[in-house]
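Peer 1: A predicted structure for the sequence below; I have some questions about it.
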Amino acid sequence: MEAYQKVAQSRMTEFEEISLNKIPREQNTEADKLALAASGWPDAQTVTKIEEILQPSTSEKGQPRTVMQVESIPNDWQGWIMNYLEYRIQPGNPTEARKLRMKAGRLGGRSLAHKVLTQGYFWPYLSREAEAYAKRCQKCQNHAPVSHNPAEDLNAIVGPWTFARWGMDIVRPLPTASKGYKYVLLVTDYFTKWVEAEAYRTITGSDVVKFIWRNVRKPTNESPYALAYGMEAVIPTEAILPTIRTITVEQGDNDGQIGHSLDLLEEKRERAAINLANYQNATSRYFNKKVRHKTFRQGDRVLKRVVENTKDNKTGKFNPIWEGPYEIVEVFGKGAYKLKEVMTGKTLPRPWNAIHLRRHYA
């Protein structure tokens, strides 16, 4: 690496101006694919172009290969804290030194209680008060991890007339996730609002057909066409290869068969509704196993998850995960809450789900 660094530095002198721009992770898909390949993920070979270089690309021949020394402590806020904790090195500015000591001394409740005990202090309820004090740390709350467990039980909707109309859409390319997924195929029943979705690396016509057979017919054991008209649709292949239905049409008994199918349509729809209810119940049982109930009352203060339109991309991974505080002004039920900003009193235009909220301690 040292040889490449020397070549790069020599080339830099040929330019009048040089600027370095950080590429966000969601836009740097090639580097993400290389990281997946280096981690040993087997499918990375099929989606990543790998070039093998047998000889060094630098012009320095016969030079001994050396390993560039990397500083163990970076020259940033992390390095400053590490230097303070290990060597008690502080900035010369008293104000900056005080800020550094405060950041380095931020501890969890249990660690804080142990630190107090090692200093020779003790009082009743020390551990409980240390926990309460640590919870009030504003920066710790803003950067607290996000729980991916659902906050409420699954609310399945069952209606008397289902699958009268479906909506299908392919979500445009998203930031490449793990294992190369960047497309989402989803269908929604317009009556029950039931949604089925799957993630894909690429989407083809065969993927759509498999998705429909696996997700649309599975809940009812019937196709949407059969639930609407009482019979299955005639496919082009049946026009060439003789089947019972095409033979019936040729014999002039088609109208009678359609009438019999319509007479049995209500029974088929009832059976499909029962199958759908059983499917939704099984889905709800699986979903509810992972639920960690999170409820709030009117007047409680919470933090709200930072979304993309309010995210400051300049700070990168150090951007706060939670923002606020907000106050609960109305409880809608099913985990939906209406919020207002504590500082400005402005009410947010739409409700927020409990999975995107976190209790605030002040």
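Peer 2: All right, it came through fine. Numbers count the residues shown, from 1 in each chain.
Peer 1: And stretch 237-256, end to end?
Peer 2: With Cα to Cα, to the nearest Å as the measure, the ends of stretch 237-256 fall 23 Å from one another.
Peer 1: again with stretch 87-94
Peer 2: Start to finish, the residues bounding stretch 87-94 are 17 Å apart (Cα to Cα).
Peer 1: Could you check it and say which residues are buried?
Peer 2: For stretch 87-94, a neighbour-count test (16 or more other Cβ atoms under 10 Å) marks Q90 as buried. Placement of C-beta: from N, CA and C, glycine included.
Peer 1: Name the residues that touch it?
Peer 2: 80, 83-84, 97, 100-101 (Cβ atoms under 8 Å, 6 or more residues apart in numbering).
Peer 1: hang on, K304 in a helix?
Peer 2: No: K304 is assigned strand when assessed by DSSP: H, G, I helix; E, B strand; the rest coil, not a helix.
Peer 1: what sits against it?
Peer 2: 322-324, 326, 339, 352, 356-358.
Peer 1: distance of it from L339?
Peer 2: To L339, K304 is 7 Å away according to Cβ to Cβ, to the nearest Å.
Peer 1: tell me, what's touching those two both at once?
Peer 2: Joint contacts of K304 and L339 (Cβ under 8 Å, 6+ apart) are 326, 352.
Peer 1: wait, isn't N221 in contact with I274?
Peer 2: No: using Cβ atoms under 8 Å, N221 is not in contact with I274, being 10.0 Å away.
Peer 1: quick check, nearest of the contacts of K304 to I235?
Peer 2: For the contacts of K304, the residue nearest I235 by Cβ to Cβ is H356; the value is 44.9 Å.
Peer 1: how about the residue lying closest to that closest one once chain neighbours are set aside, what does it touch?
Peer 2: In space, and not counting its chain neighbours, H356 is closest to R305: 4.2 Å by Cβ to Cβ, 6 or more residues apart in numbering. Contact partners of R305, counting by Cβ under 8 Å, 6+ apart, are 146, 321-323, 356-358.
Peer 1: wait, K340 sits on Y326?
Peer 2: Yes: with contacts counted by Cβ under 8 Å, K340 reaches Y326, the gap being 6.4 Å.
Peer 1: okay, the two: which has more neighbours?
Peer 2: Y326 (24 against 14; other Cβ atoms under 10 Å).
Peer 1: Tell me the confidence at Q45?
Peer 2: For Q45, the pLDDT comes out at 55.
Peer 1: who touches both of K340 and Y326?
Peer 2: In contact with both K340 and Y326: L348, using Cβ under 8 Å, 6+ apart.
Peer 1: Go through the helix or strand encompassing V208 and flag the buried ones.
Peer 2: In this structure, V208 sits in helix 205-211 according to DSSP states H and E. By neighbour count on 16+ other Cβ under 10 Å, the buried set for helix 205-211 is 207, 211.
Peer 1: And that helix, what does it pack against?
Peer 2: strand 183-189, strand 195-200 (3 or more Cβ pairs under 8 Å, 6 or more residues apart in numbering; DSSP states H and E).
Peer 1: what does it contact?
Peer 2: Residues outside helix 205-211 that contact it (Cβ under 8 Å, 6+ apart) are 168, 185, 187, 196, 198, 200.
Peer 1: Return the distance of the fifth one relative to V184.
Peer 2: Note on E198: its distance to V184, by Cβ to Cβ, is 7 Å.
Peer 1: low-scoring pLDDT stretches of the stretch 151-300 of the chain, where are they?
Peer 2: Counting by pLDDT under 70, the ranges of the stretch 151-300 of the chain that qualify are 156-165, 190-194, 216, 218-220, 224, 227-228, 245, 248-254.
Peer 1: meant to ask about the stretch 1-150 of the chain, not that
Peer 2: Checking the stretch 1-150 of the chain against pLDDT under 70 turns up 1, 25-26, 29-51, 55-74, 77-78, 85-86, 102-108.
Peer 1: Confidence-wise, which of the contacts of K304 comes last?
Peer 2: Ranked by pLDDT, the contacts of K304 bottom out at G324, which has 85.
Peer 1: can you give me phi and psi for that residue?
Peer 2: With angles defined as degrees, to the nearest 10, G324 sits at phi 150, psi -160.
Peer 1: In contact with it, which residues are there?
Peer 2: 301-304, 341-342, 360.
Peer 1: how about the helices of the chain, start to end?
Peer 2: 2-12, 29-38, 44-47, 77-87, 94-104, 109-118, 126-135, 138-142, 205-211, 224-229, 244-250, 254-263, 265-288 (DSSP state H).
Peer 1: Enumerate every residue touching the spatially most central residue of the chain.
Peer 2: By Cα atoms, centre = their mean, the mean C-alpha position of the chain lies nearest to H148, the distance being 8.3 Å. H148 makes contact with no residue under the criterion Cβ under 8 Å, 6+ apart.
Peer 1: Distance check, it against V291.
Peer 2: Separation of H148 from V291 (Cβ to Cβ): 12 Å.
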